[in-house]
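# This is a predicted model, with the sequence first.
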Amino acid sequence: MVYFSKPLSTDVIPMGSNGQASIAYSMYTSGYLYVQYDTDYKARIRYPDGTWSNWQAGSNGGWIVTQSGTYTIEGKVWAKNWVLGTAYTWYYRYPYNFTVAPYIPPPPYSISISGPNFRSPGQSGTWTASVTGGQPPYHYQWSYYYPCIIPLGEIGPMAPPCGYWSDMSVDNPQLTRYDWQSFQLKCVVTDATGTPKTSNILTVNVGLNKENTQENKLPLSYSLEQNHPNPFNPSTEIKFTLQEDGWTTIKIFDVLGREIATLLDEQKSAGSYTVNFNASNLSSGIYFYSIITKDFYDIKKMILSK
């Protein structure tokens, strides 16, 4: 008998970003067949368009292909049965199918952090870094920043160094800490390729309460929240916060990176906003929404389920 150890009928071979896929094969025979030369092994494939490749010689080999879809592979070996003492003849491995999948671009690589925006003095809080895209594993570098102007109403044993970012020894998607005065957080994530991405800056007000005036608070931080509901059908809300006045653009993309819609493209004042996205004319699937300002960029995934 003649066998293929690869590819298997259950294999789904992914096509790369260059539009090509590598199909490797490996053949062997049962013990009672004697094969004199490695070149007596032959293999070929049938492409999705129905055409066959030339026979390739050797027990191991392969092809570079540019079509996705269902492929067929078959093989044969020039051998003799040494047990029965028969003459050399062709022994066949009958055709079977396997699949080459089309290339699907990975989701855009981005990071955002979320967590409480208010803590009492000395009260612990936990913040989470969420990564989309990129190539795991990820490494996390959290940093905090003290503004040099302490808002009214805050207390603390002493004023810490201010005006610059300080790194923390936390390589984890979650950070837990407490403080005695307001601070800002950010996280830089580095994926397996060594590519860094910086998160939004999140402001945590410490010691402020509802009686404090708006002037006593630190400025709002930039943020793009997860849409709600998610999954959704057919509409969903997207909330975002602007730390400063500026031109703001919010766009929708499909999983291939094609622009679907522009929800916002105008000058906005600092503050919190909500925009609505209606996808009644779109099919179910994964979509992405992004925000772009002069100082902030973020992107998140959402799921339309009809």
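Happy to help now that I have it.
# for the stretch 201-306 of the chain, what are the low-confidence residue spans?
Along the stretch 201-306 of the chain, the parts satisfying pLDDT under 70 run over 208-220.
# quick one, strands of the stretch 101-250 of the chain?
Along the stretch 101-250 of the chain, counting by DSSP state E, counting those that start in this stretch, strands occupy 110-114, 118-119, 125-132, 139-145, 165-167, 174-177, 183-190, 196-198, 202-206, 223-224, 235-242, 246-254.
# now these in TSV, with mean neighbour count and distance to residue 281?
(Each C-beta comes from the backbone N, C-alpha and C, glycine too.) TSV is the format used below for the strands of the stretch 101-250 of the chain (neighbours: other Cβ atoms under 10 Å; distance: least, Cβ to Cβ, whole Å):
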stretch	mean neighbour count	distance to residue 281
strand 110-114	22	26
strand 118-119	18	40
strand 125-132	17	25
strand 139-145	18	39
strand 165-167	12	44
strand 174-177	15	39
strand 183-190	20	35
strand 196-198	15	32
strand 202-206	21	35
strand 223-224	22	24
strand 235-242	19	12
strand 246-254	17	12
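# Tell me which of these sits nearest to residue 98.
strand 246-254 (28.2 Å; Cβ to Cβ).
# Name every strand pairing with the closest one and say which way it goes.
Applying DSSP bridges, strand 246-254 is found paired with strand 259-268 (antiparallel), strand 285-292 (antiparallel).
# Contacts for that strand next, please.
Contact with strand 246-254 is made by 238, 240, 242, 259-268, 275, 277, 285-295, as judged by Cβ atoms under 8 Å, 6 or more residues apart in numbering.
# how about a cut-off of 6 Å?
Defining contact as Cβ atoms under 6 Å, 6 or more residues apart in numbering, one finds that strand 246-254 is touched by 259-265, 267-268, 287-294.
# And these, which of them are buried?
For those, a neighbour count by 16 or more other Cβ atoms under 10 Å gives the buried set as 260, 263, 264, 268, 287, 288, 289, 290, 291, 293.
# Please tabulate these in CSV, including the columns distance to residue 99.
As requested, the buried ones among the contacts of strand 246-254 are arranged in CSV below (distance: Cβ to Cβ, whole Å):
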residue, distance to residue 99
260, 29
263, 37
264, 41
268, 47
287, 26
288, 27
289, 32
290, 33
291, 38
293, 43
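# and those, which two are the farthest apart?
Taking every pair in the buried ones among the contacts of strand 246-254 and measuring Cβ to Cβ, the maximum separation is 22.7 Å, between 268 and 287.
# can you put the strands paired with strand 246-254 in JSON lines and add distance to residue 98?
Shown next, in JSON lines, are the strands paired with strand 246-254 (distance: least, Cβ to Cβ, whole Å):
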{"stretch": "strand 259-268", "distance to residue 98": "34"}
{"stretch": "strand 285-292", "distance to residue 98": "26"}
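# Those: which one's closest to residue 77?
Ranking the strands paired with strand 246-254 by proximity to residue 77 (Cβ to Cβ) places strand 285-292 first, at 45.8 Å.
# How about residues contacting that closest one?
Under Cβ under 6 Å, 6+ apart, the answer for strand 285-292 is 224, 238, 240, 249-255, 298-299, 301-303.
# Great, nothing more from me.
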